[in-house]
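Asker: Make a model of this:
(one chain, ligands or ions: 2)
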Amino acid sequence: MITAPEITIPAELAKLVEYFDLPLPDRERLREIVHDTFTRLSKTYTLKLQLDATGVDALSANLRGLTEEEAERAISQALVTRYALCPQTVTDVLEAKKQILRHSGMLEFVEAPDKMVSVGGLENLKNWLNQRHGAWEDAAREFGLEPPRGMIILGVQGCGKSLCARAVAGEWKLPLVKFDTSAVYDKYIGETEKRIRKVFQVAEGLAPCVLWIDELEKVFAGSGPDSASADAGVSSRLLASFLSWMQDRKAPVFVAATCNNVNVLPPELIRKGRFDELFFVDLPNEGERKQIFSIQLAKRKRDPRDFDLEQVAVAAKGYSGAEIEAAVQDALYSAYSQKTSLTTQLLIEALGHTIPLSTTRAEEITALREWARSRAVPAAAC
Ligand SMILES: Nc1ncnc2c1ncn2[C@@H]1O[C@H](COP(=O)(O)OP(=O)(O)OP(=O)(O)O)[C@@H](O)[C@H]1O
Ligand SMILES: [Mg+2]
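Answerer: Ligands and ions are numbered 1, 2, ... in the order given. Below is the predicted model of the structure:
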């Protein structure tokens with residue numbers, strides 16, 4: 001019997017070996033760890049116990065996704081900061097957990113304050129998500145539902161793909177962990193496969209949660225058979241592990257992936273059974289532009305009713321959500337420097353200052369639309 005955090009068995013022996021992956025501690029075990037750590041540290045320090053059973057429960061929930069050792073470290077740290085096990089400890093360990101995950105490399109905890117109401121338009125996508133809300137709970141399982149696997153949001157730049165991924169977690173009140181795709185090849189070449197297994201394990205430990213993979217194509221680009229990239233081998237093995245995990249995992253981890261460039265996206269990824277749906281986000285239509293203006297104005301403490309939204313929405317034809325946001329920001333600067341209040345006129349002028357991507361990259365967008373027409377579901381209501 002060999003125990004090790006990571007192990008490489010020579011090929012000749014591989015057939016004779018049975019592998020057991022120890023799971024991360026569950027909530028019950030984490031409760032014990034909280035208890036044991038408190039008892040152990042009480043011998044050295046005078047610690048106050050100001051947390052009831054519900055509090056300890058919440059504390060254990062916040063520790064999920066960590067190994068036993070990491071969980072113990074997070075609690076110890078929190079305990080010696082306040083010399084107490086108290087309601088603040090529950091949030092203190094969350095902070096410690098964020099740090100630990102950050103150091104572990106590929107995963108990052110992201111705050112998700114946005115809700116679906118901060119997303120303008122995309123009604124189809126919103127309805128789809130709405131239907132799946134809570135589908136990971138016991139009641140849903142008893143009803144015969146399987147927890148949703150995830151979605152790919154594909155589309156034009158600046159039209160709210162990343163925003164949607166964040167908003168799902170906020171709306172569903174689930175923790176959001178972001179898969180840091182830039183770290184995949186940079187730092188850990190050679191260790192990539194080990195690390196990705198750890199990513200899946202941590203994500204399952206955190207379940208139910210949303211795993212956000214921004215710019216999916218960057219993770220798996222170069223895994224195609226004709227890729228000339230030096231990482232091609234690693235990249236295709238990475239893709240293989242990801243696909244099998246997507247298919248086999250039992251824990252409710254909702255994968256929200258975004259993608260800009262379909263040309264380098266391996267076709268296996270979009271086959272049915274991996275992700276539940278592939279959504280295409282186009283440039284916002286007039287009604288959606290109105291909503292986006294309204295959201296962006298309200299975000300900046302302006303009452304949207306003070307503006308002629310019809311008129312600005314018409315003037316913003318061809319602009320993306322991000323470009324609309326930039327125009328609102330730009331108009332605010334003008335108003336501030338001219339010491340006037342923000343007006344419809346200033347918004348329209350601000351729009352005139354930029355040429356939207358839909359003009360400068362028209363061909364690219366047309367090609368993307370063409371690709372998506374037969375393969376993806378429109379995120380906006382038709
Ligand atoms: N539909 C929308 N409703 C409200 N705000 C939007 C919308 N689309 C974009 N925005 C604004 O633009 C910002 C940038 O959008 P986001 O980062 O989500 O775009 P993206 O599609 O991920 O772009 P990229 O392809 O460049 O990654 C958002 O944070 C938001 O403020
Ligand atoms: Mg994005």
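
Asker: C-alpha only now, for contacts and for neighbours.
Answerer: OK.

Asker: Ramachandran coordinates for the residue of the chain positioned farthest from its centre?
Answerer: The C-alpha centroid of the chain is most remote from Lys43, which lies 41.4 Å away (CA atoms, centre = their mean). Note on Lys43: backbone dihedrals following degrees, to the nearest 10 are phi -70, psi -30.

Asker: Repeat that for Leu24.
Answerer: In this entry, Leu24 is assigned phi and psi values of phi -70, psi 160 (degrees, to the nearest 10).

Asker: how far away is it from Arg64?
Answerer: When CA to CA, to the nearest Å is applied, the distance between Leu24 and Arg64 equals 8 Å.

Asker: hang on, Met151 in a strand?
Answerer: Yes. Read with DSSP: H, G, I helix; E, B strand; the rest coil, Met151 is one of the residues of a strand.

Asker: Give me the common contacts of Leu24 and Arg64.
Answerer: Overlap of the contact sets of Leu24 and Arg64 (by CA atoms under 8 Å, 6 or more residues apart in numbering) consists of Gly205.

Asker: Strands of the stretch 251-382 of the chain, residue ranges please.
Answerer: Using DSSP state E, counting those that start in this stretch, the strands of the stretch 251-382 of the chain run over 253-259, 277-281, 377-378.

Asker: Looking only at neighbour counts, state which of Leu24 and Arg64 leads.
Answerer: For the pair Leu24 and Arg64, the greater number of neighbours falls to Arg64 (23 against 18), based on other CA atoms under 10 Å.

Asker: Model confidence for Leu22, exactly?
Answerer: According to the predicted model, the pLDDT of Leu22 comes to 80.

Asker: Ligand 1 contacts on the stretch 1-150 of the chain?
Answerer: Counting by CA under 6 Å from any ligand atom, the residues of the stretch 1-150 of the chain lying close to ligand 1 are Ser118, Val119, Gly120, Gly121.

Asker: Now, those that are in strands?
Answerer: Counted as lying in strands by DSSP state E, out of those, is not a single one.

Asker: any chance of these in a markdown table, with pLDDT too?
Answerer: Written out in a markdown table, the entries for those read as follows (pLDDT from 0 to 100):
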| residue | pLDDT |
| --- | --- |
| Ser118 | 93 |
| Val119 | 95 |
| Gly120 | 95 |
| Gly121 | 93 |
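
Asker: Columns neighbour count on top of these, output as a markdown table?
Answerer: Rendered in a markdown table, the data for these read as follows (neighbours: other CA atoms under 10 Å):
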| residue | neighbour count |
| --- | --- |
| Ser118 | 18 |
| Val119 | 22 |
| Gly120 | 23 |
| Gly121 | 24 |
